Structure formats: structure tokens, C-alpha cells
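1. With the sequence up front, the predicted model follows.
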There are 6 protein chains.
Amino acid sequence: MADFKFEPMRSLIYVDCACEDYRPSLQRWLYKTHIPESISQFEPYVTKYAFYPSYRMPEGGESYGYARLQLTEHHWLVSDLDPRLGIKALQETFPLDVLVWQGNLPASALGKGQIETEGDAGNAARQTNDAEGNPFIFAFLPMWWEKDIKGKGRTIEDGPNYRFNMSIGFPEGVDKAEGEKWLFEEVIPVLEKAPECTRILASQVKKDINGCVMDWTLELWFGCESEWRKVMVEDVKSIRKPEWAMTDTFPYLKPRHNVISCAVGDYTPFNNLTNYRGYITMR
Amino acid sequence: MADFKFEPMRSLIYVDCACEDYRPSLQRWLYKTHIPESISQFEPYVTKYAFYPSYRMPEGGESYGYARLQLTEHHWLVSDLDPRLGIKALQETFPLDVLVWQGNLPASALGKGQIETEGDAGNAARQTNDAEGNPFIFAFLPMWWEKDIKGKGRTIEDGPNYRFNMSIGFPEGVDKAEGEKWLFEEVIPVLEKAPECTRILASQVKKDINGCVMDWTLELWFGCESEWRKVMVEDVKSIRKPEWAMTDTFPYLKPRHNVISCAVGDYTPFNNLTNYRGYITMR
Amino acid sequence: MADFKFEPMRSLIYVDCACEDYRPSLQRWLYKTHIPESISQFEPYVTKYAFYPSYRMPEGGESYGYARLQLTEHHWLVSDLDPRLGIKALQETFPLDVLVWQGNLPASALGKGQIETEGDAGNAARQTNDAEGNPFIFAFLPMWWEKDIKGKGRTIEDGPNYRFNMSIGFPEGVDKAEGEKWLFEEVIPVLEKAPECTRILASQVKKDINGCVMDWTLELWFGCESEWRKVMVEDVKSIRKPEWAMTDTFPYLKPRHNVISCAVGDYTPFNNLTNYRGYITMR
Amino acid sequence: MADFKFEPMRSLIYVDCACEDYRPSLQRWLYKTHIPESISQFEPYVTKYAFYPSYRMPEGGESYGYARLQLTEHHWLVSDLDPRLGIKALQETFPLDVLVWQGNLPASALGKGQIETEGDAGNAARQTNDAEGNPFIFAFLPMWWEKDIKGKGRTIEDGPNYRFNMSIGFPEGVDKAEGEKWLFEEVIPVLEKAPECTRILASQVKKDINGCVMDWTLELWFGCESEWRKVMVEDVKSIRKPEWAMTDTFPYLKPRHNVISCAVGDYTPFNNLTNYRGYITMR
Amino acid sequence: MADFKFEPMRSLIYVDCACEDYRPSLQRWLYKTHIPESISQFEPYVTKYAFYPSYRMPEGGESYGYARLQLTEHHWLVSDLDPRLGIKALQETFPLDVLVWQGNLPASALGKGQIETEGDAGNAARQTNDAEGNPFIFAFLPMWWEKDIKGKGRTIEDGPNYRFNMSIGFPEGVDKAEGEKWLFEEVIPVLEKAPECTRILASQVKKDINGCVMDWTLELWFGCESEWRKVMVEDVKSIRKPEWAMTDTFPYLKPRHNVISCAVGDYTPFNNLTNYRGYITMR
Amino acid sequence: MADFKFEPMRSLIYVDCACEDYRPSLQRWLYKTHIPESISQFEPYVTKYAFYPSYRMPEGGESYGYARLQLTEHHWLVSDLDPRLGIKALQETFPLDVLVWQGNLPASALGKGQIETEGDAGNAARQTNDAEGNPFIFAFLPMWWEKDIKGKGRTIEDGPNYRFNMSIGFPEGVDKAEGEKWLFEEVIPVLEKAPECTRILASQVKKDINGCVMDWTLELWFGCESEWRKVMVEDVKSIRKPEWAMTDTFPYLKPRHNVISCAVGDYTPFNNLTNYRGYITMR
């Protein structure tokens, strides 16, 4: 058997809640069913597993494919997509309903039971790309940020952060170098100039891991929602629309397909490997 | 010294976030500063200390004084208002800003530093009742619900719950018995009839503890936000407006003064005494 | 409302597994469903909650009503039987099957769903006393042992203990003083004389709490199963059969009705309030 | 110094309790002495360390070398047998008595003190292969199961599992390919056909790690002990006895030498790295 | 049986290390043996159990009976001296050596084995008052400080604290009121005037609990050791020597008999009920 | 991007406290600020992170560059000095004061604010080598000791250990082989002969990781401080002064520059990844 590759990585899943009425059901599945099943499986090779609850979607967030539930983060020692990891003693409990709640499948899939799979329900689900829904975005990154573009040296004592985490994938057919030229020479400078944006970090998505459509993940920090809007709704109007634009407004990418995002805080109580104690309910 | 009274109680604080831009600051204070300071003080006599994040405020929530941040819950073995508990080796760090963020003081109080106090900043803050802000509502209840009105026997397997927790205080001058007659004979029957409302629980507020303005705390459960709206916005229109009504729509009480509420889920990750590990931030 | 009484108590439940085939089901219900539901309810007023797995039933154990699963222990600050504690926001998930698995109901009750109850399924279940099954024994004791009869001063360094915990209830109609005379003047001396029995502790059952049929709980320690047999099968043959004997062999009480027991070790990993992390399964 | 190889592995130790009277002593050593000493040593490079208590040995279990105490599981990032890991600041406390209690040495070795060793008592003990005892079986496997033969897609909601974990080593001199042909073409089909067997998983033992005598580890799941017996005692009678049979009944291998096993549940409270809090004893 | 009294208390034990060479042995007993044995016993009725390591003894500390190991703190719900708590299933492992290491017995008691006791070794030890050693000081206080004399309102953000905790007992025969007059009218004013002393807290010792010789416990905070010396060695020279003085220098009390103390920091890692995980050693 | 190298390592930082008055400030920074910031950053790739408090500096300790605060230990899966790890979303809060408190900068640097850095304050600080202070010593070692020179087979039951951990770097210009000849042929034999020295372990410092000046790390165990002095002050007088001696007494190396050390116990409560719960302060 070939050796397993030591490949420290971080992955992000942008979890939307397609309709507010789905929220109690989706959270229940995550907290009651999914956290313990995930820990059961990957405790030996995942070293941090956290949920970062989304701030409320700001006005203008829709253009960025804003995920209204949470950012799910894993840190891996090996690639979860190595085919040898696909054998699980117990398959995840993953009803199709979950994919509807997350907006990956249309409402017509509700009540259709467990996802059909070859045994690895989680990764099957994470490859969902249904014409009537939004693709399930699962982006792998190096364990450490690759580019420190603005705000180097910011400490936790400098104040709370409204961290806007966004992944973008250039449209099919666009030359990646060309897309990056636009990103780094036309987009980033606008953000760098805005005083409300205190920090810019970026990494390339490791597309080879799972064929993720996204190319880059960025983190842009602000002090609060209004500052986000000032920059991400107003300032960005000055950014040139590229030839390959998919929409009329920045970021000129198809929301939830070529751009996805959510804003989160610095802290999360959902550091699941260390904090989870079972589904303890309110009295 | 008189003996300390064994008095198992539960208390609820309805924490609003007066403006979305305050959210990162308010959460940072709660998670970075307030949780460890609270545990430091009351670990020996508080037996459960939890934050339940609010669901998004539904349309119509404003009439109920909907708290947009969280419900804070403590379980006590002795009354926190026994004057002997007022001596703290370390006073809580409680800037006036926090009271602005929570809507208890007007924005003009921002940046004015720490609350002035005789040493017990927390309880001083919790008595805030500023003419330009909303009162700080801190309601003590028996440790166990007193009335089980509807839905007895519901289990966690029966589905997720959209738990609407509401406290009401009859207006000054209204006879309490009269208020309760209206509540139990005119209001509750409407909720009992509504199939969307799966559970009704109630307790009297222990007003003697801290002079809280509220009289009753109710918990009304629904399956989701739409079900809440169907009952709490539509069905309640049939409820008679009492002579002492403070507003034109149900619950006919002044929001954030005589009625306060928030909707929460069954589970919280913020079971602070057991889960808190320090302010561990996102990488 | 009357004050709650501060009443530090310990309670014991002797959990049998009526048929080996029920074991996986019974354990699954306990570890997956019951532990988190229990913690959800009583975390604020129970201070220790542990399961002690039974050693294998020794030959001769049947006469003692040996419980083949575990001893369940709670430490309470208030009586769980105070009627005010009967209101639970969420009722325990307690299928009748559990009572069959534990031997409290006959197999004919399998598959009949959730126990019928006025809302407090747990205490309803714990009052089970079906003619075709064994009663559910739930014995309350003071938080501290009342009588230290033999082995005072034994420390954990003196070796491992095979702790035989037994509760007995004198038959209906027997004068308690007379029963105790037999117990303390005829039974205990035999145990005191046996060198294999290293420790004897006893407490009266607080029958007033829940009407438990048992009168006394004893703990008798041995080094191992053979030592137990030497004393509890052989030596006890010398003990006089009382007039009120219900059976022909010591302890002359009807097993699982008037005598119940199990042998456990010093240590348990199931210190649930501090150790439980959810139903994390084997990979 | 050569680099350390990243080699994610799982290992299994089948721990027997040779005589019921040894159980309290063996458990005391494991829980009081061995768990903290093990964590002290390997906390930095072992990522999960669990004990799965054995179900009672079923009738017929003896032919499978059924281990009556537990299955001990580790997940490693590097091989514990790399000679560089043999230097320990503190040697494990490993009396020869432990090896008697586990059946690896005859009773005549009792009371002979600590195992003689070059400093790494644990691995010295784990190489025990005494003519008068049973070998100490320590099987390394890849971190993930290699073959998913039956029951793919089973989830934790499908019911409790009686997981029979068995390792087999073909007798010396038997061609491995021939042994495997018998295993996969004659044995497995019988299990696949039995409806009571819900799941079959298999991995090759990594014999190169420590020269373990075993070749394959299988996990066969049933609903309960009776189902196990129906298949593993009755159905297997139809399986052809191979030329190299060491015994007259299936699995035709010498118990505790060429076949070893135990049945465990899905859940364990002994997830030691996260749950252990010291040897906290019953009151 | 009389009811147990709800009596929330805090107790302090000043643990000296009589000779530096005893430190490794004393710490080993505390961390390896005593913490788990204590938790085993009192987990159900002690709500916080912490060790605060002493800062190095400052010059001049000897006059204050400075304890060179730690301050041990418990928070109790009932009195540990209620005779009913004296029955322990397992007696604490408490060798006389420990009392030598702590300075309670002379070195001649070394190697004499376990303390002789009626079963409750801990409380027997805590009553040690040997003519050749120093008494074992175990002071019970109300759970909350009784007097807030200086520095009300200090928060954790105001800087680190060198907290000097001191208990004093007026000599036998001295009228308590007279002693207190001297303490509050002559001593405290000197401390109040000293700017280096940032905080003064005081409580009466609950002598009725266990007959402790001490009358008052004070906590005096400074920024560091030099500030302590400036006040507690220099400034105190101005304090009048009372008629009943036992020594020639302030505090005019016999060290380790009528005055005992130690300086500790704000934080301790030894919050044993929540942090202890067993005796995990350095690799 | 080049692959990350799997490189299991352990690192040691010897933390001095240059003046006793700095201790409260230095501890506050470590426990309140540094632990949570460190965990936030490296939780995914550091597998053990512990502080071992120093025993009091023994007479004679100064010659060994004795660190008076603690030994800080990390276990890494990748090198912290890989430049790709230098990008941190949040920079550590690292005031220059900390370096003064630790003796790395002169007192004149107090109050000068945060260290100047390119974003990675921690590693910038750890490269401090100021002419007026002592260098910051950060030594990387293999995860396992390389040489087991004396005391192989010692177990935790053999008694408490006064573990003297010392790193030495031969002076610039000295041939390493020559230095090692002196170390292993002249120094070690003296220690091997001394009965008070119960254990000798050694590893080469991985100088390639961060250019650390040290060459070897040794651990020498004794029973207590006096035994240390007997060997490390008296016995070592017999060791030949090498030609390259930097001082007149053993170890003939410049303290805190070419030799650094501290003595610690077996146990630490500061196993930060598992024990830290936030800055919970004394009441």
C-alpha cells in the first residue's frame, strides 16, 4: 500500500440556510447528529474542527453568495479525498433534507430520505451540484495563509473583527493568470486603500484535492457591518467590470457558484473536538 | 451572621443588540471578558451558566421587545441579591459601552468608561433603568417550571423547537389578579388552540428577589419562524385588548419595558461552566 | 411557594439486563439517549452522576437479585420526588422496551412505544412494579454512609476492591426492629468474622422519599469473586433462617423484590457530568 | 538522523482476563497506573487511545480466542516500533503479574515483580510469547479499513451493533495467498449470506511493523449475541476444513495463537485522551 | 436523622514546605495521591477546590508565618466537620511524612507510616498540633468576603496582584474585641494609607466550625514583592506593640501559630475539579 | 508549493524571571494573554504544550544559567520555523516588557510597547539577542530522547524526581567533536558515578531548525535540591577545565549564553491544550 501523504490542510465549507424556517432543523442535525458522527470518524486525523456562526447577512451580501448559517472549518493531517479514507465503518447520517436546508437541492427533494451513496455519505453530499440548487462548496487551503496583504501585526487587543471570508472561482474558460491579474491589480488595491478594511489575507484553493470550482480564498476584516458595506458595496463600484463578468455588480461572479462568503467573528464556542459534550438541551 | 438561604433559582437576562454594528464589540466583551470574570466569581455557587443565541428577529418581533443577541441563563443555589454577595475581590469589567450596545443607555454614553459602582459592577449594571434607554431585565424564576400548560410529554425526538421565551409585566397600577385572569383566560386559550404552538410553560417571576418589573415568564414552542408568525402575529389578533393596554397590538405592553422576549433553539454551545476554554480565536 | 429543602442525598438504581441479547440495545439507549437527556434536565441540581458497570454475575448471585448491567448513582441537592420537579420542558425518551430489557416488564411489552406518563417519564418508569416483571428499585440514601462496621481506615493503596452493594427490604408485615436485630446481630457478625470481607458499610434507605421497598443498603467488599463466593455462598449458610424467610437460602428474601445487588469496582469511566462527550462511536 | 516516517496507523490489543478473580486487579492496573503512564508518554503522537470493554464471552467464543476484558485501540502518527521510540524518560510500571492476569504467562509468574527490560517495559511485555501462556497479540492496521465487504451505508441510526472483531494468522508454513483464497472465497461468502451479519470489514495486518503473527483483522457485526451464535457457531459449520487446519472446528486455528477476538459495542466511555481525569473512586 | 445544614463556606489551608528538599515529595503526594482521593470523596458537595502556589517567601516573611508551598482552597456546601461526614468508604492516604514535610511534625516522625486515625485521616491530620511542630491551620470563612476595606472597584484589567493572604489569631486570654480594636483602628489604617497596598479584604474565621485558633483572615494586595516589603516590613514599624505581643516585631504574633500567611497570584492552574486529568508526567 | 515536512519535534524554552518583582506581571502575561493566543494559532499542529514551573534556584544555580520561572515545552508536527508558518492572521501580543521581565532586554526597554516585527511577534521575540540582555534560548529536539545514559528502567513508582534540564552550547570556534569528547568522556562519567544522580538523558539540539546556539540538551535527575548540590556543585569540581573554558567553574560556559537550565518536577498542571479554561481568578 502506498504511504499516506502528510498534508496539513485546512478546509472551509460555507453553509447557507436557504430559508429561515429550515434553521432549527439544520442546526439540530448539525449539533445532535453531525458533530458526534464526524468526531467518531475523524478524531484521529483531524486536529481542529470548528463552526463559526455567520453574522446576519448584510444588505448587499447576496451578490457575494453570503452563507447564512456558518463557516465549517477542519484542519487535516491527510487529504480527506484520498480514496482509502472513503471506507467508513459507519456511514454519516445525511438525509437529502439537509441539502435542501443548505440550498444545495430544491425543496422538491425534501422527505426523500438518506442520500444515496457508495458508503461515504459525507463526501457524496459534498459533491452535490444539482442544476436546481447551489453547489456544495468545500475548499481546501494550506494550513497557513499564503499571502499577508494588509494589516500585518494586528493583534487581538486591537479590537473585534468582522471577518469577511470569501472564496472566488473565475468562470470556466477564463485564464487563471488573467483572473488573478484583475484580482490583485484591480480589486485588492481598492481594499488596501479603504481604511475600514483592516486586514487582507489570501490563499490559493488547492483545487487538486477535490476539484473545487474556487480559485482563491480571501479574508477581509472590518470593524462592523457598516464598514463592510462602505467598502464592499460602495468602494467596489469603482472596480472595472472584467470581460468575463457573470453579473453586473462586483464581484461580477455568479453568487453561490463562483463566489461564496460569510462574515464571522474572532471567537467560536463550537471548537467541537474540545468543547462538544453531547446534545445537552435547554431546560 | 444569619444563615444563607438555600434557594435554587434560575435567572434569565434578555440581551438585545441595539444596532448590528455593535454586535462584534458586544460579543467580544461577553466571550473574552465577561465569561471568565463571571466564572471566577460564581463558580462555587452557580451550577449552570449558559448563553442561548437568539434566532433572527422575526417580523412582528419588535412588539414583543425581541432581544437580538441572546438569552443569558444562570442557575443559582443562593440569591445573587443577598447583600453579602455584593463584595467581590475583583469587580467585573463593565464599561458603559456595554449598556449602550445592549440598548440600556443611549449612544451618548459611549466611550465614558467603566460603570460607576459601589464595587459590584454587574448588579449595578443590571439595575440600569435609564429614561433614554431600555431597562435591563433580569428575571429570577424557580429552578423548575411551575405550570405545564400544553404539550406535556414532548420529547427531544419529536423534532426541533423554536422556543419563544417571553416575560411580561403588567403595567403599574394594574391589579395582578386581573392581569393574570386576562393572561390565563384570554391569551393562553388562543395559544392552546393553535396547532403550531406545541408547548406552553410558565412560571411566576420572583419579583421579591430584585424588584424585577416582570410578572410572568412563558415559553411557547413552535416548529419554526413561520409558525411563530402565524400564531404570534395572526392568531393573537383575536385577543381582546385589555383596558390597561399600553399599545394597540398584542401583547398590548410596552416593548422592552413590559414585555421582552427572544426565540432560541434547544441546544447551546455556550454552556460556559463546562465548555469555556478561553478566548481561542480563528486562525 | 414553599422553600425547597436542601437535602443532600445519594441514590442508587440497580440495573439488570434481563437477557444477554438485550445488552447492546440497553447500553445504546443509556449512552446515546439517556445520559444527555438526564444531564440536560438535572445538571443544575445533581452534583455527581455515575454508572458503575457490574462485574459478571457470580454463581450464587441470583439469590441476591444480582443486577447484570450496572449500578446507577446520583448525588442530589434536593429530592427528585418533590412534586415541583415533575415538570420537565422535555420529557425523557423512555420506551417501554427499556423496562423489558431491564426486566421490569415482560417481553410482551416490547415494541409498545414510549411509556405513558403525565410528563415525567423517568419517574413514572422508576415506579414500575408490574406483576409479571421485577420492580424498579430506586433507593435514596444520605449522601454519606451512616455506619462504618468493618475495615475503617482501608485506603486505595490496600488493593483493588470487589464491592458488593446490596439493598434489602424486610417482607411486608415484618417489624423493622426485628428485621434489624436479625441483620445486625446474626448476619453482620458472620461477615465481620470472615477475613475475606474487608469492609462493611451500611445506610438506612430513606423510604420517605419515594416509598422504596428497601430498608437497608449495605456495601461488602472482597478481593475478588471467589472471596465473595466463599463468604456469600458458603459462610452465610450458618445464618439462622428467620421466621419471615421468603426463600430457603440466605438472604431469605425474594430476589429482585426484597433483595437486589451488584458487585462493582472502585473506578468508573462513566462519571457522566464530567466525562460525557456525546455518543462517539468506534471507527 | 533519518526522518521519522509519517505513518498513520491504528493498533489493536486483545486483552484477555485469564481468570475472573484477576479482573479487579487487572482493571485497577489499567485504570490507575497504565492509562496515565501511557498518556504521559505518547500524548504528542497518539491521536486516539481507547478501551472497548468486551461483551460477555458467548458460548463458542473459546474457539475464537475470545478476549474477556477489552480491545485496546491506539491511533498513531508514527510507528511505535521505530527503535528511536524505545527510549522513555520513565519506563512503564509493568509487573509480570499483569501478564499472568492477561493469560500471557502462567500463574507461576505471579509476585515476581516488574518485567525485565531494556527500558521500554511496554513493548517488552507486548512481545511476550511464553510457551506456557498465550502470546501477547498487538496488531497494527492502516488507520482506515481496507475492505468494505458487506453493509456499506449502515448508519448509527440503524440500530446497536454487536461488533465482533477478530484477527487471524494462517499457520506457519501456509502460503498466504492460499489462506486468503480460503478466507475470501469460502468463509466470507457464508457470512455475506447470513442475514444476521450486517457488516463485514477487513484489513491486512501490517506484519512488518512488529512481526505480528496475524494476517487479517475482520470486523463482523451482528445485532446481539444470539445472532452471533447463529452465524459463528452454526452457519460456519458448512465451511470446509482446510488442509492446514489446526483444530477441528471453525475457524480451524489455534485459539489465542492464530485467532483472537472480542465482541464490543459501538460506544466506549474509555476514550482516554479526552475523558480520563485520574483514578476517581466510588464513595 | 437531623437535616444537613446548607452552609456555603470557603476554607483555606496554608501549606508550608519545611525544607526545600521535601518539595518534590510533598508535591508528588499532593498531585499524584491527594487530588484524586479528595475529588473521589467530596466531588458531590465541594464546588471549587484549588491550589494557589506561593510566591517565593519574601525577606521578612518569616514573621508572618509564611507558607512556602501553597494556599489550598475549598468551597463547601455543608460543613466538613459535621460528624456524619467522618465516615469515608476509603480513607485518605496520609502518611505522617506529609506532616513532617509541611512542618507540622518534627523530622523524627519521618518513615513512621500512615497517620493513626478513626477512619478520617484527612481531618485527623488537619487537627495536628504537635509540641515540636507547627499546628495545621485550616480556617473556615463565609463563601463571600465580609469586609471590603480598601480598593473597591479594582478590576482584573488594573494589573497583576501580589495577593498577601494572612490569618491571625489573638493570643489566648486576649479579649477578642480588644484585639479587633487594635487590628481595625491601629493596623488597618497604616495599610489604608500605604499607596502600595491596593486592596484590603477581611472576614472573620468561623471558629465554631473546627475550633481554629485564628480569628481573622485578611487579604492585602500589592503590585509586587518590593511593594509588599515597603509596607509589611517598613510601614508596619509604626504600629504600636500591643500589651499582649508575643514577639518584638509586627504582627507581634507567634509565626505559624498565631499568624500564618502566603502571597499568591490571581490565577491558578490548579482548579482541580475542572482541570485535573491524572498524574500525567513530563516525557 | 513544496510539501510540508512531517517533522515531529519537541522544543524547550528556558524562561527566566530577571527580578522577583517582575513575576506577577510575567505570569499574568503568560496565563492571561499568551496561552490563549498560542492555542489559537497552533492548536492544529502542536500536540502538547506545557509549562513546567522551576523549582527555586539552588545555590550554585547561577553558574548554570538557571531559569527562575519555567521550562516551556511544545511538541510540533512541523517546524515552526518553516517560513510559511510566519503568516499569522493575528499577531501575538508581545510587549517588549516581556523580554525585560525574562532578562532578554535591559530594564531600559520597559514601557516601550509591542515588539517591532514583520507580523510574527513570537518568533521575532524568540530571536532576541541583545548585547545588554541574555539571548532568548529556544532549543528544538527530536520528539524522543536520543541517548539513555543512566537509570534506564526507572518508573514513576521509584519516587519523585528533581529533574535538572540543561542545555549547553560549546563556545564559538570550539570543534564540536572535541566538545563532545569532553562532555561524554569527562563530564558524564562523573555524573554516572554519583549515586544521587538517578537518571541521565541527552539529545542533540537540532541547530538547523533555528540556529540555536546550544549543542546538547541533558536531563539529570536527583531526589532533591541537596542531592543536586552535592553532585552539581561539589562532585563536578573534579572535572577538568577545558582549554576553551569561558568561566572558572564548571560547566565552564557563560551562563544564560552557553549554558541554561532549570530544575522541574515530574508533573505540571499547565498542560495547556487540555487544561486551560481561561483566566479564572481567585475570588
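-> Alright, I've got the coordinates.
2. The closest residue to A:M57 other than its chain neighbours pairs with what?
-> Spatial nearest neighbour of A:M57, excluding adjacent residues (Cβ to Cβ, 6 or more residues apart in numbering or on different chains): A:Y66 at 4.6 Å. Backbone N, C-alpha and C define where each C-beta goes, glycine included. A:Y66 has these beta-bridge partners by DSSP bridges: A:S261.
3. what does A:R10 give?
-> Under DSSP bridges, the beta-bridge partners of A:R10 are A:H75, A:L141.
4. Next, the contact list for it, please.
-> A:R10 sits next to A:E73, A:H74, A:H75, A:W76, A:F140, A:L141, A:P142, A:M143, B:R283, F:P44 when contact means Cβ atoms under 8 Å, 6 or more residues apart in numbering or on different chains.
5. And A:T47, by the same measure?
-> Here A:T47 is in contact with A:H75, A:W76, A:L77, A:L273, F:E43, F:P44, F:Y45 (criterion: Cβ under 8 Å, 6+ apart).
6. go on, A:N258?
-> The contact partners of A:N258, taken as Cβ under 8 Å, 6+ apart, are A:I168, A:G169, A:F170, A:P171, A:V213, A:M214, A:M246.
7. Could you find the residue in the stretch 51-200 of chain A that comes nearest to chain C?
-> Proximity to chain C, evaluated over the stretch 51-200 of chain A using Cβ to the nearest Cβ, is greatest for A:A89 at 5.5 Å.
8. Burial check on that residue, number of neighbours?
-> The tally of other residues near A:A89 (other Cβ atoms under 10 Å in any protein chain shown) stands at 23.
9. Then it would be within a helix, right?
-> No. According to DSSP: H, G, I helix; E, B strand; the rest coil, A:A89 belongs to no helix; its state is coil.
10. and the nearest residue to it once chain neighbours are set aside, what element?
-> Spatial nearest neighbour of A:A89, chain neighbours left out: C:R283 (5.5 Å); criterion: Cβ to Cβ, 6+ apart. Using DSSP states H and E, C:R283 sits in no helix or strand.
11. What of A:L220?
-> Using DSSP H and E, the element containing A:L220 is strand A:216-222.
12. if we can go back for a sec, out of the contacts of A:N258, which is nearest to D:V98?
-> Nearest to D:V98 among these is A:M214, at 54.1 Å by Cβ to Cβ.
13. is chain F contacted by stretch A:168-183?
-> No. Stretch A:168-183 lies out of reach of chain F by Cβ under 8 Å from any Cβ of the partner chain, never closer than 15.4 Å.
14. Please save the CA atoms from that stretch in PDB.
-> The C-alpha atoms that make up stretch A:168-183 are tabulated as PDB, following Å, rounded to 0.1, in the frame of the first residue of the first chain:
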ATOM      1  CA  ILE A 168     -14.000  33.100  -5.600                       C
ATOM      2  CA  GLY A 169     -13.600  30.900  -8.700                       C
ATOM      3  CA  PHE A 170     -13.000  32.500 -12.100                       C
ATOM      4  CA  PRO A 171     -15.600  31.500 -14.700                       C
ATOM      5  CA  GLU A 172     -14.900  28.500 -16.800                       C
ATOM      6  CA  GLY A 173     -12.700  29.400 -19.700                       C
ATOM      7  CA  VAL A 174     -11.100  32.400 -18.100                       C
ATOM      8  CA  ASP A 175      -7.400  32.200 -17.900                       C
ATOM      9  CA  LYS A 176      -6.400  31.900 -14.300                       C
ATOM     10  CA  ALA A 177      -3.400  34.300 -14.700                       C
ATOM     11  CA  GLU A 178      -5.700  36.900 -16.200                       C
ATOM     12  CA  GLY A 179      -8.200  36.500 -13.400                       C
ATOM     13  CA  GLU A 180      -5.500  36.900 -10.800                       C
ATOM     14  CA  LYS A 181      -4.200  40.000 -12.500                       C
ATOM     15  CA  TRP A 182      -7.600  41.500 -12.200                       C
ATOM     16  CA  LEU A 183      -7.900  40.300  -8.600                       C
END
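15. Give me the distance from the least confident helix or strand in chain A by mean pLDDT to the chain's centre.
-> Ranking every helix and strand in chain A by mean pLDDT, DSSP states H and E puts helix A:121-125 at the bottom, with a mean of 84. Computed by Cα atoms, centre = their mean, to the nearest Å, the chain-centroid distance of helix A:121-125 equals 16 Å.
16. what does it contact?
-> A:38, A:80-81, A:86, A:91-94, A:98-99, A:104, A:114-118, A:136, D:153, D:155.
17. Buried among those residues? Make that a PyMOL selection.
-> Here is the PyMOL selection string for the buried members of the contacts of helix A:121-125, based on 16 or more other Cβ atoms under 10 Å in any protein chain shown:
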select buried, (chain A and resi 38+80+81+86+91+92+93+94+98+99+104+114+115+117+136) or (chain D and resi 153+155)
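18. what ranges do the helices span in the stretch 151-283 of chain A?
-> Applying DSSP state H, counting those that start in this stretch to the stretch 151-283 of chain A gives helices spanning A:176-182, A:188-193, A:207-210, A:225-229, A:272-275.
19. who wins for proximity to chain D among those?
-> Closest to chain D of the helices of the stretch 151-283 of chain A, according to Cβ to the nearest Cβ: helix A:272-275, at 8.2 Å.
20. Is the closest one positioned near chain B?
-> Yes. Using Cβ under 8 Å from any Cβ, helix A:272-275 reaches chain B at A:T274, A:N275.
21. check contacts around A:E196.
-> A:E196 sits next to A:F222, A:G223, A:E227, A:W228, A:K230, A:V231 when contact means Cβ under 8 Å, 6+ apart.
22. gap between A:E157 and F:Q91?
-> The gap separating A:E157 from F:Q91 is 10 Å, by Cβ to Cβ, to the nearest Å.
23. likewise A:P171?
-> According to Cβ to Cβ, A:P171 stands 36 Å off from F:Q91.
24. can you check A:M246 too?
-> Relative to F:Q91, and taking Cβ to Cβ, A:M246 is found at 37 Å.
25. ditto for A:S238
-> A:S238 sits 30 Å away from F:Q91, going by Cβ to Cβ.
26. List the beta-bridge partners for the most centrally placed residue in chain A.
-> With distances taken as Cα atoms, centre = their mean, the residue of chain A nearest its centroid is A:Y14 (3.0 Å). For A:Y14, the beta-bridge assignment (DSSP bridges) gives partners A:L71.
27. Just to check, it is in contact with A:I260?
-> Yes. Using Cβ atoms under 8 Å, A:Y14 makes contact with A:I260 at a distance of 4.5 Å.
28. quick one, strands of chain A?
-> With DSSP state E, the ranges of strands along chain A come out as A:9-15, A:46-53, A:70-76, A:138-142, A:147-150, A:162-168, A:199-204, A:216-222, A:259-264, A:270-271.
29. okay, the ones you listed, which one's buried deepest?
-> Among those, ranked by average contacts under mean count of other Cβ atoms under 10 Å in any protein chain shown, first place goes to strand A:259-264 (a mean of 26).
30. Residue of the stretch 151-283 of chain A closest to chain E, please.
-> Nearest to chain E in the stretch 151-283 of chain A, going by Cβ to the nearest Cβ, is A:E157, at a distance of 11.4 Å.
31. Number of residues surrounding that residue?
-> For A:E157, using other Cβ under 10 Å, the count is 12.
32. quick one, what contacts A:D3?
-> D:K5, D:F6, D:E7.
33. circling back to that earlier point, if I look at A:Y14 and A:I260, which residues touch both of them?
-> In contact with both A:Y14 and A:I260: A:G65, A:A67, A:I137, A:S167, using Cβ under 8 Å, 6+ apart.
34. Can you tell me which of these has the most neighbours?
-> Of all the shared contacts of A:Y14 and A:I260, the highest neighbour tally under other Cβ under 10 Å goes to A:A67, namely 28 neighbours.
35. Run through the residues that contact that one.
-> A:A67 neighbours (Cβ under 8 Å, 6+ apart): A:Y14, A:V15, A:D16, A:S54, A:I260, A:S261, A:C262.
36. The closest residue to A:G86 other than its chain neighbours: neighbouring residues, count only.
-> Distances taken as Cβ to Cβ, 6+ apart put A:D120 closest to A:G86, at 4.5 Å, once the chain neighbours are dropped. Other residues within reach of A:D120 by the criterion other Cβ under 10 Å amount to 23.
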